[in-house]
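Fold the following for me, if possible:
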Amino acid sequence: MTVRKIIGALVIVLIGLPVLFGIIWAVGLVRATVSSEFLSDLPRDIIAEIPARAEDVFRLAQDEGAISDPATRAWVQAAAKTGITPSKLLETTGLRAWMEGELEASFRKIGGVFRGEEPLQSISLNFRPLKQALLHPDVDRFLEETVQNLPSCDEAGMKAWQDLAVFAGPGRRLPACRPDAAVAKSVLLEARTRAVEDIDDEVWVFEDVRPLPLFRSGIAKPIRLLSYALFLIPALFIVLGSAIATRSSQGFLRWSGISVLVGSLSALLLALAVKHFSLWAIEGRPFSWHSPWSSELGELLFDKLAWIPARVVDQLFSPVVGVAGVVAVVGVVLVALSYSVRAK
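Numbering: from 1, shown residues only. So this is what the prediction gives:
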């Protein structure tokens, strides 16, 4: 009997529990990532917030004492003197119309597919308007006027601009002074051209798909149901280990219930720890924010956009916590049932 218990325990501990732990995390993350809230609603909320958040950062950066770095403060003050606000630039370049029109419609269609409101179809995100906006003449005018509002360059500042004209590597800061117009135009155009080249023209979310009977009610529901079927794998090993360890119905239920409880509670505790640590790190920010312009400007930006990573973390790990909680309840039920059946 002791040998049977050892063998059964080894099957559960070495196979059943690790597989159960992994499946709980896998199912929870699948539930999160295939939800329309994560793939459709959140991007649409971000798009809606971008103009107002950009205005807030631009306004706050101009306040006295908001930025202590002289170079960054000079750039912000020079940009403010142009009279061109971020919202105006988004409007005149057509970027806002693209975000609130075509881009938002694409995300709405993605959400409809996952909820079953739209048929499964090829859907792509078109980033050509974004690339066109970055190269828009109004962006040229804004940058040129900003540079013209900077103080004149000394010899060191001029050399720094000329070095950038030869090689403008990523992360190199622009000097906060006014060089020759030709040099400034060359450096800024090169930086924007490089940024535009790094952006894909189109990103396919669903490509060359055919409607399938399984997905007529949406993608999210069938994928969630298929992921739930994965629980049969750890259940098989837990049942096998429990059957080897004991011959009584009472012992079988108790071994199974305790095994399920151990696996689910370990997954639950880790998910809660990761979730709350991540939210604490986002809110408390016990790390330094690095920006090619200034850490202070990065802090202002992060203050206004911190809700985005916080919401992503919540939507990613809350389903893991929920799945682990449900599995833990199953374990409690099995243990409770073990007290209501006969010992033999």
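
where does residue 62 land on pLDDT?
pLDDT for residue 62: 74.

who touches it in this structure?
Going by Cβ atoms under 8 Å, 6 or more residues apart in numbering, residue 62 touches 76, 77, 80. The C-beta positions use only the backbone N, C-alpha and C, and glycine is treated the same way.

Strands of the stretch 201-344 of the chain, start to end?
Taking DSSP state E, counting those that start in this stretch as the test, the strands found in the stretch 201-344 of the chain are 202-206.

now do the same end-to-end measure for stretch 88-108.
This stretch, stretch 88-108, spans 26 Å end to end (Cα to Cα, to the nearest Å).

repeat for stretch 122-139
From its first residue to its last, stretch 122-139 covers 33 Å (Cα to Cα).

If we go by neighbour counts, what in it is buried?
123, 125, 127, 129, 130, 131, 133, 136, 139 (16 or more other Cβ atoms under 10 Å).

Tell me which of the residues you listed fall in helices.
129, 130, 131, 133, 139 (DSSP state H).

Spit out the contact partners of the first one.
Read that as residue 129. By Cβ under 8 Å, 6+ apart, the residues touching residue 129 are 94, 95, 98, 102.

go on, the third one?
Residue 131 makes contact with 196, 199, 201, according to Cβ under 8 Å, 6+ apart.

repeat for the fourth one
By Cβ under 8 Å, 6+ apart, the residues touching residue 133 are 93, 94, 95, 98, 139.

hang on, the earlier thing: between the ones in helices among the buried residues of stretch 122-139, which sits nearest residue 245?
Nearest to residue 245 out of these is residue 130 (Cβ to Cβ; 60.6 Å).

was I right about that closest one contacting residue 199?
Yes: counting by Cβ atoms under 8 Å, residue 130 touches residue 199, with 6.5 Å between them.

Where in this structure is the helix or strand with the lowest mean pLDDT?
helix 295-305 (a mean of 68; mean pLDDT, DSSP states H and E).

Would you mind giving the domain segments of this protein?
The record's domain parsing of the chain by automatic domain parsing lists 1-34+219-344, 58-214.

Among these, single out whichever gets nearest to residue 40.
Here domain 58-214 is closest among the domains of the chain (Cβ to Cβ), at 2.8 Å.

I'd like the distance from the closest one to the chain centre, please.
Counting by Cα atoms, centre = their mean, to the nearest Å, domain 58-214 is centred 20 Å from the centre of its parent chain.

Is there a neighbour count for the closest residue to residue 152 other than its chain neighbours? I'd like the number.
Counting by Cβ to Cβ, 6 or more residues apart in numbering, residue 152 lies nearest to residue 178, which is 5.3 Å off, once chain neighbours are set aside. Using other Cβ atoms under 10 Å, the number of residues around residue 178 comes to 19.

which residues does residue 178 contact?
The contact partners of residue 178, taken as Cβ under 8 Å, 6+ apart, are 147, 148, 149, 150, 151, 152, 153, 184.

What are the phi and psi values at it?
Residue 178 has phi and psi values of phi -100, psi 110 when expressed as degrees, to the nearest 10.

Report the separation between it and residue 258.
Computed as Cβ to Cβ, to the nearest Å, the residue 178 to residue 258 distance reads 73 Å.
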